[in-house]
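Enquirer: Here you go, sequence then predicted model.
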Amino acid sequence: MKAPYVRMPIVAATLGCLLCLGGASLVGQEFHKYRAPVYPEDAYIRMPLPASEKAYAGIDGMHIKELTREVIAISYRSRDAGDVMWGRIAGTKSETWTNEWADAKFRGLGLQDIRRQPFDLPPQWFPVSFDFSVVTAGAAPRKFATGRPATGSGSTPPGGLEVDAVWVGLGSAADFIGRDVRGKAAVILNEIGEAAGSQTAAWMGASKRAQDNGAAAIVLIYGNTGNMTAWGPMGAGVTLPGFAIGYEDGLALRELIGPGRPVILRLRSEVKRVSGLKSTSVWGTLPGATDENIIVMAHQDAYFDGALDNASGLAVMVALAEHFAKVPQAQRRRSILFVATAGHHAGSPNSLWLHEHRDMALAKTALMINCEHVSATEAYVFRDAKQRANTFSPLRYYINGSSRLSDIMFGALRTFGVASFPDWQDGAGEMGHAKLDAPSLQVLRSPDDKHSDQDTIEWVPAAGLEAVTRAYAKIIDQVNKLERKQLLPETKTTSRSGATR
């Protein structure tokens, strides 16, 4: 569908002006080369609320950030309980705690038909215990704190492995020329696509190439400035023991290998696949004046703090429920169904259920909105330093609907100062399986610290939470002025870049 480019007011400021913003001084803060300073919330650029949009003034970013903190606190319960893979993990007690949080929020707002919908999960991979250390001649074994089993990897023998480390760069076919990895550990440097799930070792086949060349183990260096602990994927068909380590640790390992001296890795990992787990969605309904509905969803599961992914989405969803719960039922044309969805990182069973039951579950749905990764601080990497800006990042978008729905979405984003990238995103996040079964949309950002222990609250600005929540609220109000048939997609649609889909 054709959609106009979002035109934003130009905001110009010198560094000196930014440093002089009231309450926003960075003077005296230490600039570590890997850890950018954190701007205080009042330093973030915000669009003034237009006089015509006063209905959304009660949507407050700082309040939504506090909701985000509440969700993160659930992850800390998992961490403090000693979970090796900690966070809000699908199929575990930490996800149940998240169910309870969502259920309590829905009940506190007076939502109706609150229910929990369980789904069977396929066998889930979990690390049980592990150790990662490096031995060089004449030196004591060195522990690398970020080293942990890579997602989907196999176990070592019970006594562990002692294997030579072989550097293979990015692990392309050219990188393997002259490299003998048979019976050794192939050390691979990842480049990052958009996030932890887009590592080149997986999607360019480097891990599989190492396995096919006889490697006994794989070490994946998370190719991003800093020293993140991340759940890095091994890639399809790779069953070897594997470890993911952070960038600083990876460069240190490379320097040890560089002089050509023997570098021995002592690796031990025990992993398991657990069958019979269930993941649960939590539904709540805010009744409207007709039998049609709008569905607002956000996935519950997360690795580590999971601040952006997806405490931010859950907080925005609850903030939307708070906003519309204050509107009299007679003024809500359609019911709004809020759903904290199950197991996004375990296959998104809720969206698969919606798709398989679309004739029943989505027959009266005028719009689906997915709240996911909604507010990330804009950043860029300069050499070996990550610089964070005092603005929230532009967002990728997905939309399935008519040109009128497209105009509503981009108009709302423009009104509240939400910038977007020009290309349509096909993934559709948590709506995935059901994305074409009803009009649907989302905006989303997946920065490179997603799925790592650096996805923390400091990088989720209140300004972005506020702007996106206001935009979604306005979209719902505008959609409620149209008939469902006016929201359905035309036969041919185009992205903002002009590509037909």
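Expert: It's in.

Enquirer: Helices of the protein, start to end?
Expert: Here the chain has its helices, by DSSP state H, at 15-19, 61-80, 93-108, 200-203, 206-212, 247-257, 313-325, 349-356, 358-361, 403-415, 462-479.

Enquirer: Can you check which of those gets nearest to residue 46?
Expert: Residue 46 sits nearest to helix 462-479 of all the helices of the chain, at 5.0 Å, using C-beta to C-beta. Where you see a C-beta, it was placed from the backbone N, CA and C, and this is true even at glycine.

Enquirer: now the closest one and helix 61-80, what's the angle there?
Expert: Counting by axes from the mean of the first three to the mean of the last three C-alpha atoms, to 10 degrees, helix 462-479 lies at 110 degrees to helix 61-80.

Enquirer: Run through the neighbouring helices and strands of helix 462-479.
Expert: Using 3 or more C-beta pairs under 8 Å, 6 or more residues apart in numbering; DSSP states H and E, the elements in contact with helix 462-479 are helix 61-80, strand 293-299, helix 313-325, strand 365-370, strand 385-392, helix 403-415, strand 440-444.

Enquirer: Against which helices or strands is the third one packed?
Expert: If I follow you right, that is helix 313-325. Helix 313-325 packs on helix 61-80, helix 93-108, strand 278-286, strand 293-299, strand 335-341, helix 462-479, going by 3+ C-beta pairs under 8 Å, 6+ apart.

Enquirer: and residue 178, how many residues sit next to it?
Expert: 5 (other C-beta atoms under 10 Å).

Enquirer: Sketch out the low-pLDDT regions of the stretch 51-200 of the chain for me.
Expert: The stretch 51-200 of the chain contains residues with pLDDT under 70 at 192-198.

Enquirer: Let's have the helices and strands packed on helix 313-325 in a markdown table, adding distance to residue 214 and mean neighbour count.
Expert: Shown next, in a markdown table, are the helices and strands packed on helix 313-325 (distance: least, C-beta to C-beta, whole Å; neighbours: other C-beta atoms under 10 Å):
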| stretch | distance to residue 214 | mean neighbour count |
| --- | --- | --- |
| helix 61-80 | 38 | 19 |
| helix 93-108 | 38 | 19 |
| strand 278-286 | 37 | 22 |
| strand 293-299 | 39 | 26 |
| strand 335-341 | 42 | 25 |
| helix 462-479 | 48 | 24 |
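
Enquirer: out of those, nearest to residue 131?
Expert: Nearest of the helices and strands packed on helix 313-325 (C-beta to C-beta): helix 61-80, 19.3 Å.

Enquirer: picking that back up, for the helices and strands packed on helix 462-479, which one sits closest to residue 217?
Expert: Comparing those by C-beta to C-beta, helix 61-80 comes nearest, at 27.1 Å.

Enquirer: For residue 453, grab phi and psi.
Expert: The phi/psi pair for residue 453 (degrees, to the nearest 10) reads phi -80, psi 0.

Enquirer: per-residue confidence at it?
Expert: In the predicted model, residue 453 carries a pLDDT score of 90.

Enquirer: looking at it, it is touching residue 227, isn't it?
Expert: No. Residue 453 lies out of contact with residue 227 (C-beta atoms under 8 Å); the separation is 9.6 Å.

Enquirer: Not including adjacent chain positions, what is the nearest residue to the most centrally placed residue in the chain?
Expert: By C-alpha atoms, centre = their mean, the chain has its centre lying nearest to residue 309, at 3.5 Å. In this structure, residue 309 finds its nearest non-sequential neighbour in residue 450, 4.9 Å apart by C-beta to C-beta, 6 or more residues apart in numbering.

Enquirer: Phi and psi next, for that neighbour.
Expert: Torsion angles, degrees, to the nearest 10, at residue 450: phi -60, psi 150.

Enquirer: Tell me the pLDDT of it.
Expert: Residue 450 is given a pLDDT of 82.

Enquirer: Please apply the same query to residue 234.
Expert: Taking residue 234 on its own, its pLDDT is 81.

Enquirer: now do residue 37
Expert: 66.

Enquirer: Make 235 the first number, not 1, from now on.
Expert: Yes, from this point I'll number from 235; that puts the last item at residue 271.

Enquirer: Against residue 425, how distant is the residue lying farthest from the centre of the chain?
Expert: Within the chain, the residue lying farthest from the chain centre (C-alpha atoms, centre = their mean) is residue 372, at 43.0 Å. Separation of residue 372 from residue 425 (C-beta to C-beta, to the nearest Å) stands at 34 Å.

Enquirer: Kindly report the same for residue 687.
Expert: Residue 687 is 20 Å from residue 425, by C-beta to C-beta.

Enquirer: same deal with residue 518?
Expert: Residue 518 is 42 Å from residue 425, by C-beta to C-beta.

Enquirer: same thing with residue 513?
Expert: 32 Å.

Enquirer: coming back round to it: okay if I get the helices and strands packed on helix 696-713 as a markdown table plus distance to residue 414?
Expert: Formatted as a markdown table, these follow (distance: least, C-beta to C-beta, whole Å):
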| stretch | distance to residue 414 |
| --- | --- |
| helix 295-314 | 40 |
| strand 527-533 | 44 |
| helix 547-559 | 46 |
| strand 599-604 | 47 |
| strand 619-626 | 36 |
| helix 637-649 | 53 |
| strand 674-678 | 43 |
